[in-house]
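1. sequence? don't have it. structure:
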């Protein structure tokens, strides 16, 4: 047998031995420092990976005196958090932890070493979930807290908060966020995913690549929207939005609207207060109630404005390098080589009627009469 054939035979023997060791149960460990079975068993674990096991939920209770007005929660590994405000004088935290491990018993033992630290600084109670150093843990938390508390929360991937005084998302939330029945303000940032906000006194938020549904905000709203889909329904009070490539719909707003930005789409349905838009390269479709004034400016995309009859306003419209269509109202614009202009009263002859100024650069203006009764 030549050297080449010998090497091939040896390779087959080694491969067969390794295959047998991976398929066979681990051999009983010896007390010596090294053995082939130990090495192969470790390799098997590395290839297969440790599985994750969930420990039974634990409930922790924290006292909350009248001096504590705010709760901060951090270190939750991005896992789901649900916070419910109630008529109570303490905090109940139900914590469920899953951990990896080489077997179920080891994983659960590691998960059970997870603790929650508390730090009281002035009027703030800070709770932090502290995980063991070894293995990988995830957690779920359900907190029942006094409704009078405000909440500060690190960004998580699934958040539900209801019936508390205020909410501050101190780091960007991701995934699915639901916040409702907040007595004072909600502030923070959502990056991606979806956010639902309802029954809030006031709102200040930054929404990036987010699907947002906002309703029944009774006070001021200030939003920064980028690359997302935002719908605001049945709110009141001043609304200000700075948008970049946003798709924005506002329905039944009872309060002034101010939107600025570029490269998006804005739809306004049944606005009952002044509307001011300062946009670039954004399509606009606005339905205004009788007697609602304002200014709507955009460029490069069509600007459509609808009123019921009588509109009760005076319209001042200029379309540079575009046309004005007011056929629904029986009016014709004055045209020149560079623009189209229209100054007319819709449903009123009063000089004191609210004025609506419309401007478009490089696209058309269309004035519609609503068919709604």
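-> That came in fine, so what should we check first? Just so you know, these numbers come straight off a predicted model, no measurement behind them.
2. hey, let's count contacts and neighbours off CA atoms from now on
-> Fine.
3. tell me which residues in stretch 365-373 are buried?
-> 365, 366, 367, 368, 369 (16 or more other CA atoms under 10 Å).
4. From the structure, what's the count of residues near residue 77?
-> Using other CA atoms under 10 Å, residue 77 has 18 neighbouring residues.
5. scratch that, residue 62
-> Counted with other CA under 10 Å, residues neighbouring residue 62 total 14.
6. Can you tell me the element it falls in?
-> Element membership of residue 62 [criterion: DSSP states H and E] is strand 58-63.
7. same thing with residue 311?
-> Counting by DSSP H and E, residue 311 is part of no helix or strand.
8. Phi and psi next, for residue 327.
-> Backbone geometry at residue 327, expressed as degrees, to the nearest 10, gives phi -60, psi -40.
9. In contact with it, which residues?
-> Listed by CA atoms under 8 Å, 6 or more residues apart in numbering, the contact set of residue 327 reads residue 367.
10. Just the pLDDT at residue 372, thanks.
-> Per-residue pLDDT puts residue 372 at 67.
11. for residue 72, same thing?
-> Residue 72 is assigned a predicted lDDT (pLDDT) of 95.
12. And for residue 23?
-> 53.
13. any idea which helix or strand of the chain has the worst average confidence?
-> helix 36-48 (a mean of 53; mean pLDDT, DSSP states H and E).
14. Show me which positions of the helix or strand just after that helix end up buried.
-> Proceeding N to C from helix 36-48, the next assigned helix or strand is strand 51-54, under DSSP H and E. Neighbour-count burial for strand 51-54 flags 52, 53, 54 (criterion: 16+ other CA under 10 Å).
15. What residues are bridge-paired with the first one?
-> As for beta bridges, residue 52 partners with residue 100 under DSSP bridges.
16. Might you report the residue contacts of it?
-> Contacts of residue 52 by CA under 8 Å, 6+ apart are 98, 99, 100, 101, 104, 107.
17. Could you dump those residues into JSON lines with distance to residue 239 and neighbour count added?
-> Compiled in JSON lines, the contacts of residue 52 are given as follows (distance: CA to CA, whole Å; neighbours: other CA atoms under 10 Å):
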{"residue": "98", "distance to residue 239": "43", "neighbour count": "22"}
{"residue": "99", "distance to residue 239": "45", "neighbour count": "27"}
{"residue": "100", "distance to residue 239": "47", "neighbour count": "22"}
{"residue": "101", "distance to residue 239": "51", "neighbour count": "22"}
{"residue": "104", "distance to residue 239": "53", "neighbour count": "17"}
{"residue": "107", "distance to residue 239": "50", "neighbour count": "23"}
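18. out of the residues you listed, who's nearest residue 166?
-> Nearest to residue 166 among those: residue 98, at 30.1 Å, using CA to CA.
19. Show me the contact partners of whatever helix or strand the closest one lives in.
-> Assigned by DSSP H and E, residue 98 belongs to strand 90-101. Residues outside strand 90-101 that contact it (CA under 8 Å, 6+ apart) are 50-65, 107-108, 110-112, 114, 135-146.
20. Please spell out the ChimeraX selection for the buried subset of the residues you listed.
-> Burial among these is assessed by 16+ other CA under 10 Å; the matching ChimeraX selection reads:
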select :50,52,53,54,55,57,64,107,108,110,111,112,114,136,137,138,139,140,141,142,143,144,145,146
